[in-house]
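K.L.:
need a structure here:
(one chain, ligands or ions: 2)
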Amino acid sequence: MTKTDSEYKNYRELRLILGEQLNAGHSWYQTKDESVLYVIAELKQEQEYVVHHVQKIQSFFSAMNQFADALSKAGHNVLYLTLDDTSDYENLPDLLAHLLTRYQCQQFSYQQPDEYRLANQLAEFCTRLSGEASQSELSQLGLSKLSKKVTWQCVETEHFCLSHAELSQYFQAEKHHRMEAFYRKLRKRFNILMLGDEPEGGQWNYDQDNRNKLKPSDIQDIPQPLLMSNDVSDINERLSRHGIKYLGEAQQQLIWPVNRQQALSLLEFFCQHCLPFFGRFQDAMTCQANDVLSDRQWSLYHSRLSFALNSKMISPHKVIDAAINAYRASNGEISLAQVEGFVRQILGWREFVRGIYWANMPNYHQLNALKAEQALPSWFWTADTKMNCLHHAIKQSLDYAYAHHIQRLMVTGNFCMIAGIDPDEVDAWYLGIYVDALEWVELPNTRGMSQFADGGIVGSKPYAASGNYIDKMSDYCKHCHYKVKEKLGDNACPLNSLYWDFMIRHREKFGNNPRLAFTYRNWDKQSPQQQNAVLDKAQTLLQNLSSL
Ligand code: FAD
Ligand code: SF4
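P.N.:
Ligands and ions are numbered 1, 2, ... in the order given. Next up, the predicted model:
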């Protein structure tokens with residue numbers, strides 16, 4: 001804030017835009033109002049609640065900056081505050097109190113934050129604004145100098161398919177909801193891939209067709225991903241000036257989309273080059289692509305649109321419509337299974353986990369149904385492990401702030417769950433490392449889907465797997481120090497004994513689950529000697545996780 005006092009004019013209303021609220025289609029911007037000031041601010045509090053990957057910080061700051069520029073060019077009054085401007089303020093309420101006083105505003109407006117932490121902070125701030133605070137509380141917040149009482153308003157972000165207000169019609173706290181039933185309701189409600197009341201093609205779900213492994217001959221066909229080249233050198237300088245701690249190496253060029261145009265090009269690229277194979281290979285993993293083609297083939301047929309979506313540069317309806325239009329125009333080149341698989345991720349999973357989050361917060365944050373207490377091994381921060389699957393998924397996450405769903409769920413997530421890692425540590429890792437990580441979507445996916453720490457609110461059974469699953473879906477095992485077919489011995493795949501140890505450790509909880517009956521029958525067929533040997537092996541591993 002380098003203006004001198006004489007340069008300030010007063011504004012009737014201050015509207016806050018958070019970094020995750022870059023929705024250019026919001027009704028706020030449909031009319032220009034000289035008496036409104038929009039504020040977008042880089043905040044230290046947002047850099048410090050967890051250690052983020054540097055590409056995540058760069059992406060948010062760049063996108064916020066470009067959004068501010070676009071609003072300003074469209075004729076709105078915008079104040080963009082960098083870390084240099086906001087570093088003297090302890091937190092967001094402290095900054096807001098200062099700005100409301102400085103500009104003598106009569107109204108404060110904000111969009112409903114996606115994260116409970118920010119929603120709570122702003123709701124508390126507004127309670128004080130509305131005069132329920134004592135004079136001393138107001139002066140602590142710097143609000144006592146306001147000449148008039150400030151009214152406030154919280155509005156919808158107008159981004160998701162379901163509004164915030166509607167979520168409680170679909171979700172209740174602690175209830176075991178199932179994604180498939182929810183997804184079907186939304187398909188009907190928004191008339192997406194429907195023929196009357198029936199799903200197009202006669203089936204709701206093509207998951208069975210979407211489980212292919214990449215064969216060596218498929219590798220050459222993987223498209224070279226479209227990567228952006230955004231200069232972030234000024235952001236890097238600010239991060240170092242303010243001593244912000246981060247994960248990963250700070251490069252000068254950022255590959256992630258940071259404005260609507262770039263988000264739309266990535267969407268177009270996806271529809272053209274990746275959608276035809278999206279469903280088929282959505283669970284596949286490979287380390288060969290990197291060796292054979294270049295080090296840029298990590299994204300396979302995934303869209304990499306999660307940051308553009310979560311920052312709201314692009315809307316879920318826009319993405320779904322583009323994919324369906326591409327399918328209809330493709331003359332059969334894109335099958336229904338591919339497009340349905342993609343729509344399910346966005347209309348289904350993305351909206352579903354948001355509903356679970358809001359129905360269950362703040363308690364969800366502390367759930368630890370399996371009483372997991374092990375520390376996260378230090379190699380999660382370096383990728384320095386002999387387990388090739390984990391090495392590859394973590395290295396890729398450190399290099400690109402990205403891993404695709406199955407790497408997150410069945411490689412890193414599965415390891416943490418079967419090794420009994422404390423879900424607080426698991427959450428902090430996921431929330432920090434991924435470019436798209438915001439708590440509303442990270443928490444139900446991590447604590448719920450991947451760790452079963454919510455006791456089954458998200459999933460009907462734990463996503464636990466031995467090395468066999470990784471071998472089925474990837475080429476990781478062929479290049480691993482460990483032997484995937486072995487359970488015992490120094491070179492046995494650690495996931496094999498850890499898997500059984502997990503299943504037996506929690507037999508009381510899962511033993512009556514019909515979906516796991518086959519697994520327990522298999523275990524019971526083994527001799528007590530075999531069983532003991534596997535459980536002993538797992539205990540040795542659990543005591544030495546950091547050296548795996
Ligand atoms: P694609 O594979 O191309 O899928 C398209 C879109 O569907 C994604 O961009 C995303 O918006 C949506 N989507 C797909 N799966 C999910 C899901 N399970 N939940 C919500 N949306 C989904 N996603 C995040 O956006 N932020 C997170 O912090 C996050 N943390 C996760 C943690 C764990 C342990 C797991 C298992 C999954 C997590 N996901 C998270 C979901 C998913 O892994 C990512 O959305 C996806 O990998 C992003 O890559 P993409 O854009 O290429 O996705
Ligand atoms: Fe992972 Fe085991 Fe396969 Fe190695 S052998 S890549 S540790 S599943």
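K.L.:
how about the residues of this structure that lie near ligand 1?
P.N.:
In this structure, the chain approaches ligand 1 at residues 302-306, 309-310, 345-346, 349-350, 353, 404-405, 408-409, 413, 430, 434, 436-437, 441-442, 445-446, 449-450, judged by Cβ under 6 Å from any ligand atom. The C-beta positions use only the backbone N, C-alpha and C, and glycine is treated the same way.
K.L.:
Counting only helices, which of the residues you listed make the cut?
P.N.:
Cross-referencing the residues of the chain next to ligand 1 against helices under DSSP state H gives 306, 309, 310, 353, 405, 430, 441, 442.
K.L.:
among these, which two are most distant?
P.N.:
Set against one another by Cβ to Cβ, these have their most distant pair in 309 and 430, with a gap of 17.1 Å.
K.L.:
Tell me if I'm right that residue 192 and residue 343 touch.
P.N.:
Yes. Between residue 192 and residue 343 a contact is recorded at 6.3 Å, counting by Cβ atoms under 8 Å.
K.L.:
who touches both of these two?
P.N.:
Shared contacts of residue 192 and residue 343, defined by Cβ atoms under 8 Å, 6 or more residues apart in numbering, comprise 320, 324.
K.L.:
Does anything pack onto the lengthiest helix in the chain? Which helices or strands?
P.N.:
Longest helix in the chain by number of residues (criterion: DSSP H): helix 54-73. Here helix 54-73 is seen to pack against strand 36-41, strand 77-81, helix 233-241, strand 246-247, strand 253-254 when contacts are counted using 3 or more Cβ pairs under 8 Å, 6 or more residues apart in numbering; DSSP states H and E.
K.L.:
Of the ones you listed, flag the one that's most buried.
P.N.:
Of the helices and strands packed on helix 54-73, the one with the most neighbours on average (mean count of other Cβ atoms under 10 Å) is strand 36-41, at a mean of 21.
K.L.:
Quick check: mean pLDDT of the helix or strand following that one?
P.N.:
Scanning forward in sequence from strand 36-41, with DSSP states H and E defining helices and strands, the next element found is helix 44-48. Confidence over helix 44-48 (mean pLDDT, whole number) is 94.
K.L.:
Go ahead and name everything in contact with helix 44-48.
P.N.:
Helix 44-48 is touched from outside by 19, 57, 60, 83, 86, 87, 90, 91, 92, 242, 244, 246, with contacts defined as Cβ under 8 Å, 6+ apart.
K.L.:
switch the cut-off to 6 Å
P.N.:
The list of residues contacting helix 44-48 from outside it, by Cβ atoms under 6 Å, 6 or more residues apart in numbering, reads 91, 244.
K.L.:
returning to that earlier point: for the longest helix of the chain, buried residues please.
P.N.:
Applying a neighbour-count criterion of 16 or more other Cβ atoms under 10 Å, the buried positions in helix 54-73 are 54-68, 70-71.
K.L.:
Strand 77-81 and that helix, what's the angle between them?
P.N.:
Computed by axes from the mean of the first three to the mean of the last three Cα atoms, to 10 degrees, the angle separating helix 54-73 from strand 77-81 equals 160 degrees.
K.L.:
Next, the angle helix 233-241 makes with helix 54-73.
P.N.:
Compare the direction of helix 54-73 with that of helix 233-241 by the same axes, to 10 degrees and you get 120 degrees.
K.L.:
avg pLDDT for helix 54-73?
P.N.:
Throughout helix 54-73, pLDDT has a mean value of 98.
K.L.:
Give me the distance from that helix to the chain's centre.
P.N.:
Helix 54-73 has its C-alpha centroid displaced from the chain centroid by 18 Å (Cα atoms, centre = their mean, to the nearest Å).
K.L.:
what's it in contact with?
P.N.:
By Cβ under 6 Å, 6+ apart, the residues outside helix 54-73 that reach it are 19, 22, 40, 42, 78, 80, 230, 232, 235, 246, 248, 250, 254, 256, 258-259, 307, 311, 401, 435.
K.L.:
Chain neighbours aside, what residue packs nearest to residue 462?
P.N.:
With Cβ to Cβ, 6 or more residues apart in numbering as the measure, residue 452 is the residue that lies nearest to residue 462, at 4.1 Å, once sequence neighbours are left out.
K.L.:
is it true that the one you found touches residue 464?
P.N.:
No. Counting by Cβ atoms under 6 Å, residue 452 sits too far from residue 464 to count as a contact (8.2 Å).
K.L.:
Residue 110 looks like it's in a strand, true?
P.N.:
Yes. Secondary structure of residue 110, determined by DSSP: H, G, I helix; E, B strand; the rest coil: located in a strand.
K.L.:
Tell me the confidence at it?
P.N.:
In the prediction, the pLDDT value recorded for residue 110 is 98.
K.L.:
Against residue 267, how distant is residue 212?
P.N.:
Spatial separation of residue 212 from residue 267 under the definition Cβ to Cβ, to the nearest Å is 24 Å.
K.L.:
what's the distance between residue 61 and residue 16?
P.N.:
Residue 61 sits 17 Å away from residue 16, taking Cβ to Cβ as the criterion.
K.L.:
Ok, residue 435 next?
P.N.:
With the distance defined as Cβ to Cβ, residue 435 ends up 23 Å from residue 16.
K.L.:
So for those two, which residue has more residues nearby?
P.N.:
Between residue 435 and residue 16, counted using other Cβ atoms under 10 Å, residue 435 has the larger neighbour count: 24 against 20.
K.L.:
I'd guessed residue 492 sits against residue 481; true?
P.N.:
No. Counting by Cβ under 6 Å, residue 492 sits too far from residue 481 to count as a contact (11.0 Å).
K.L.:
Who has more neighbours out of these two?
P.N.:
Taking neighbours as other Cβ under 10 Å, residue 492 and residue 481 compare with residue 492 leading, 19 against 12.
K.L.:
show me what contacts the more buried one?
P.N.:
residue 486 are the contacts of residue 492 under Cβ under 6 Å, 6+ apart.
K.L.:
ok, now residue 326?
P.N.:
Taking Cβ under 6 Å, 6+ apart as the contact definition, residue 326 lies against 271, 275.
K.L.:
Recalculate using a threshold of 8 Å.
P.N.:
For residue 326, the contacting residues are 271, 272, 275, 334, 339, by Cβ under 8 Å, 6+ apart.
K.L.:
Can you tell me which of those is closest to ligand 2?
P.N.:
Compare each of the contacts of residue 326 with ligand 2 using Cβ to the nearest ligand atom and the shortest gap goes to residue 275, at 29.0 Å.
K.L.:
wait, doesn't the closest one sit right on residue 333?
P.N.:
No. With contact defined as Cβ under 8 Å, residue 275 and residue 333 do not form a contacting pair (9.4 Å).
K.L.:
what's the neighbour count on the residue in the stretch 51-200 of the chain positioned nearest to ligand 2?
P.N.:
Nearest residue of the stretch 51-200 of the chain to ligand 2: residue 53, at 23.4 Å (Cβ to the nearest ligand atom). Look at residue 53: counted by other Cβ under 10 Å, it has 23 neighbours.
K.L.:
How about the contacts made by whatever residue of the stretch 101-250 of the chain ends up closest to ligand 1?
P.N.:
Among all residues of the stretch 101-250 of the chain, residue 179 sits closest to ligand 1, at 8.8 Å; criterion: Cβ to the nearest ligand atom. For residue 179, the contacting residues are 348, 349, 352, 458, by Cβ under 8 Å, 6+ apart.
K.L.:
between those, which is closest to ligand 1?
P.N.:
residue 349 (3.7 Å).
K.L.:
Give the closest residue to that closest one in space, chain neighbours not counted.
P.N.:
If you skip the residues right next to it in sequence, residue 349 has residue 179 as its closest partner in space, 6.3 Å away by Cβ to Cβ, 6+ apart.
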